[in-house]
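A.B. asks: Dropping the sequence and predicted coords here.
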Amino acid sequence: MQGPRGCVRALIIAPTRELAEQIHEAIGGLSQQTGLRSVTVYGGVNIRPQVQKLRGKAEIAVACPGRLLDHIRQGTINMSHLEVLVLDEADRMFDMGFLPDIRKILKHLPAQRQTLFFSATMPNDIWHLAHDILRNPATVQINHTMPVTTISHTLYPVEQHLKTSLLIALLHHMNMESVLVFTRTKHRAKQVAQQFCLYYLFDGKYLTVSFCTIFYGVRNTGLLSFVWVNLHTSGKNAVTIFKQSP
């Protein structure tokens with residue numbers, strides 16, 4: 001960044017406050033010797049401390065779309081000197097319905113800027129957004145674009161309330177050592193694990209009550225929430241929850 005100090009020169013847009021805080025913390029560690037200051041901007045908290053920090057010459061803003069639009073509408077953030085825009089987890093923002101907000105925000109940013117666009121997947125709407133906001137971009141693609149040959153896929157259309165029953169039935173008839181069950185939320189991961197517990201307790205699988213306490217162990221993976229089902233552990237079945245921090 002080459003522009004004047006004491007104003008917002010970099011904007012990082014993230015889908016959740018948790019990710020915004022993680023980015024803010026990383027910036028704090030990386031910028032210790034630079035004098036750069038960052039501020040987090042997200043909803044669910046009082047807006048006044050954010051306004052004060054923005055007026056306190058913060059140069060990097062890490063924001064969630066909704067609250068950032070609030071600041072733009074109220075005139076409490078000046079982005080006329082912005083040099084760098086980062087869209088992090090763009091596909092997740094699309095999934096959460098933030099794409100219209102992103103387009104509104106882009107209208108308030110200088111046309112001359114560097115834009116960095118990060119996305120784990122590239123659905124059509126994300127491709128269109130990238131095409132609209134990037135000019136002759138350099139593309140960095142990591143890992144496989146297609147599943148590796150050792151993985152097979154099967155789709156089971158099923159009603160929401162029958163998902164866990166179907167999963168238990170599939171595991172009951174498949175010869176597997178262990179299984180990863182990915183869920184969208186940590187609550188769902190816990191719910192699935194509890195249903196596994198009840199099934200194995202009452203299906204004669206010799207899962208002891210003390211073993212059920214493992215279901216509530218929490219480990220921060222930094223990934224999606226998921227349930228790990230170990231089907232062969234010392235003659236007993238065990239289920240462990242790994243879930244994302246709130």
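C.D. replies: Arrived safely, thanks for sending. Since the model is a prediction, treat every value here as computed from it, not as a measurement.
A.B. asks: What mean pLDDT does the helix or strand harbouring residue 171 get?
C.D. replies: Secondary structure assignment for residue 171, by DSSP states H and E: helix 163-173. Model confidence over helix 163-173 averages 80 on the pLDDT scale.
A.B. asks: Put the alpha carbons of it into CSV.
C.D. replies: Extracted C-alpha coordinates of helix 163-173, given in CSV (Å, rounded to 0.1, in the frame of the first residue of the first chain):
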residue,chain,number,x,y,z
LYS,A,163,-31.5,-38.2,6.9
THR,A,164,-30.1,-39.6,10.1
SER,A,165,-32.2,-42.8,9.9
LEU,A,166,-30.9,-43.4,6.4
LEU,A,167,-27.3,-42.7,7.4
ILE,A,168,-27.6,-45.2,10.3
ALA,A,169,-29.1,-47.8,7.9
LEU,A,170,-26.3,-47.3,5.4
LEU,A,171,-23.6,-47.7,8.0
HIS,A,172,-25.3,-50.7,9.4
HIS,A,173,-25.1,-52.5,6.0
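A.B. asks: For that helix, name the packing helices and strands.
C.D. replies: helix 186-202 (3 or more Cβ pairs under 8 Å, 6 or more residues apart in numbering; DSSP states H and E). C-beta: built from backbone N, CA, C; applies to glycine.
A.B. asks: Now do the helix it packs on, average pLDDT.
C.D. replies: Per-residue pLDDT values across helix 186-202 average out to 65.
A.B. asks: Let me see the contact set for residue 4.
C.D. replies: For residue 4, the set of contacting residues under the criterion of Cβ atoms under 8 Å, 6 or more residues apart in numbering consists of residue 81.
A.B. asks: and it, how far is that from residue 138?
C.D. replies: When distances are taken as Cβ to Cβ, to the nearest Å, residue 4 and residue 138 turn out to be 27 Å apart.
A.B. asks: Helix or strand for residue 40, just tell me which one.
C.D. replies: Remark: residue 40 resides in strand 38-41, with elements defined by DSSP H and E.
A.B. asks: Could you export that strand as CSV, CA atoms only?
C.D. replies: Taking C-alpha atoms only, strand 38-41 is exported to CSV below (Å, rounded to 0.1, in the frame of the first residue of the first chain):
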residue,chain,number,x,y,z
SER,A,38,-7.0,-2.7,11.8
VAL,A,39,-10.6,-2.7,13.0
THR,A,40,-13.3,-5.3,12.8
VAL,A,41,-16.7,-4.2,11.5
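A.B. asks: C-terminal to that strand, what's the next element?
C.D. replies: Read in the C-terminal direction, the helix or strand following strand 38-41 is helix 48-55, with elements assigned using DSSP H and E.
A.B. asks: Need the mean per-residue confidence for the helix or strand following that next one.
C.D. replies: From helix 48-55 onward toward the C-terminus, using DSSP H and E, the following helix or strand is strand 60-63. Here strand 60-63 scores 95 as its mean pLDDT.
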